[in-house]
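Q: kindly return the folded structure for what I paste below:
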Amino acid sequence: MLIHSILEKIGNTPLVRIREVGKELPQIQSGKVKIYAKLEYFNPGGSIKDRPALRMIQEGLKSGKLTKEKTVLDSTSGNTGVAYAMIGAAMGIKIDLVMPENVSPQRKLIVTTFGSNIIYSSPMEGSDGAILLARKLLKENPDRYFMPDQYNNEFNPRAHYDSTGVEIWEQTDHQVTHFIAGIGTGGTVMGTGRRLKDYNKNIQVIAVEPDNAMHGLEGMKHMASSIVPGIYKENELDQKISMETEPAYDMSERLAHEEGLIVGHSSGGNMAAALRVAEKIQEGTIVTIFCDHGERYFEV
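A: A predicted model of the protein is given here:
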């Protein structure tokens with residue numbers, strides 16, 4: 001296969017059936033309930049964030065607000081930063097990323113390898129601290145920066161509306177009944193959920209969020225203690241599941257041991273939530289998101 005840019009490989013990720021984890025449930029063992037996961041680490045930047053990052057940069061260029069003379073600036077807990085960095089390298093666009101100082105060393109290394117610059121915010125303030133620092137830098141340097149603002153840019157959920165939701169609908173042969181995704185910016189659950197609801201209003205759209213402010217699920221937001229993203233509309237959800245850190249970590253290990261899938265902890269949380277939904281239904285097709293690969297969280 002000949003491609004002209006690595007960016008052409010964003011999207012069209014595989015959907016895999018989860019066969020071992022959860023088989024203790026009679027409804028899964030019988031096949032009346034099926035769980036599938038979208039493997040978003042097959043994107044070239046290694047996560048689901050490639051989709052909205054590319055769309056927001058493309059729309060910035062289209063509008064004229066982003067020019068080759070400007071630098072893209074945004075706050076990120078990691079994966080969107082990697083996506084921006086890869087896209088910036090491929091398109092010849094300078095990237096400055098505001099990241100909490102305690103994000104994983106692997107993500108810092110990947111971002112700098114692509115040639116992007118990191119501006120560190122306080123590790124004690126999490127993603128909210130990065131958001132506030134990015135806004136401050138933009139206000140001080142409006143002519144230097146273009147800020148996509150992933151938390152408030154409608155092209156973030158739109159990217160999922162136009163791609164992720166369509167792919168899930170087609171890959172399940174229109175059989176999906178429940179869609180489950182974690183809340184970071186809210187882009188995935190909002191955009192994908194809207195598209196699936198357009199196909200079938202009875203599809204249940206379910207968000208997963210950490211159960212407290214001091215959680216360990218990197219990339220996820222506990223909404224009650226956070227700056228709520230402008231693109232997040234809780235009234236559009238059918239349900240929200242509160243996820244503890246330990247079960248999410250445990251599930252990541254189970255997926256590696258039982259399915260051969262090494263995923264990040266937020267993906268473990270999504271899978272744990274999918275099992276909780278599966279326990280309560282007698283039949284259906286559940287689809288969740290495995291946002292990134294677990295190697296980004298390895299410590300040596």
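
Q: surely N202 is in a strand?
A: No: secondary structure of N202 (DSSP: H, G, I helix; E, B strand; the rest coil): coil, not part of a strand.

Q: what is the burial count for it?
A: 9 (other C-beta atoms under 10 Å). For every residue, glycine as well, the C-beta is placed using N, CA and C.

Q: next up, the contacts around the closest residue to it other than its chain neighbours.
A: Spatial nearest neighbour of N202, excluding adjacent residues (C-beta to C-beta, 6 or more residues apart in numbering): T177 at 7.6 Å. Neighbour list for T177: 202-204, 284-286 [criterion: C-beta atoms under 8 Å, 6 or more residues apart in numbering].

Q: compare the residues you listed and tell me which has the most neighbours.
A: Busiest of those [other C-beta under 10 Å] is I286, holding 27 neighbours.

Q: confidence score at it?
A: Here, the pLDDT recorded for I286 equals 98.

Q: which element is it on?
A: Using DSSP states H and E, the element containing I286 is strand 284-290.

Q: where do the helices sit along the stretch 201-300 of the chain?
A: 245-259, 265-280 (DSSP state H, counting those that start in this stretch).

Q: give me the mean pLDDT for the first one.
A: This means helix 245-259. For helix 245-259, the mean per-residue pLDDT is 97.

Q: cool, stretch 88-102 as well?
A: pLDDT averaged over stretch 88-102 gives 95.

Q: shaky segments in the protein?
A: 299-300 (pLDDT under 70).

Q: count of neighbours near R158?
A: By other C-beta under 10 Å, neighbour count at R158 equals 21.

Q: ok, now which ones touch it?
A: Shown in contact with R158 (C-beta under 8 Å, 6+ apart): 55, 191.

Q: and it, how far is that from L138?
A: Plainly put, R158 is 22 Å away from L138 if you go by C-beta to C-beta, to the nearest Å.

Q: next one: stretch 174-185 to chain centre, how far?
A: Relative to its parent chain, stretch 174-185 has a centroid offset of 12 Å by C-alpha atoms, centre = their mean, to the nearest Å.

Q: start to end distance for that stretch?
A: 27 Å (C-alpha to C-alpha, to the nearest Å).

Q: give me the buried positions along it.
A: 176-185 (16 or more other C-beta atoms under 10 Å).

Q: try stretch 96-114
A: 96-100, 103-104, 106-108, 110-111, 114.

Q: tell me which stretches of the chain form strands.
A: For the chain, the strands defined by DSSP state E occupy 15-17, 33-39, 71-75, 94-100, 117-121, 145-146, 178-182, 204-210, 239-243, 284-290.

Q: count the residues that sit near E125.
A: 14.

Q: ok, now N12?
A: N12 has 12 neighbouring residues, counting by other C-beta under 10 Å.

Q: cool, and I3?
A: Count around I3 with other C-beta under 10 Å applied: 8.

Q: same question for K62.
A: K62, neighbours per other C-beta under 10 Å, totals 9.

Q: before we move on, the earlier item: now, which of the buried residues of stretch 96-114 sits nearest I6?
A: Of all the buried residues of stretch 96-114, I6 sits closest to F114, with 11.2 Å by C-beta to C-beta.
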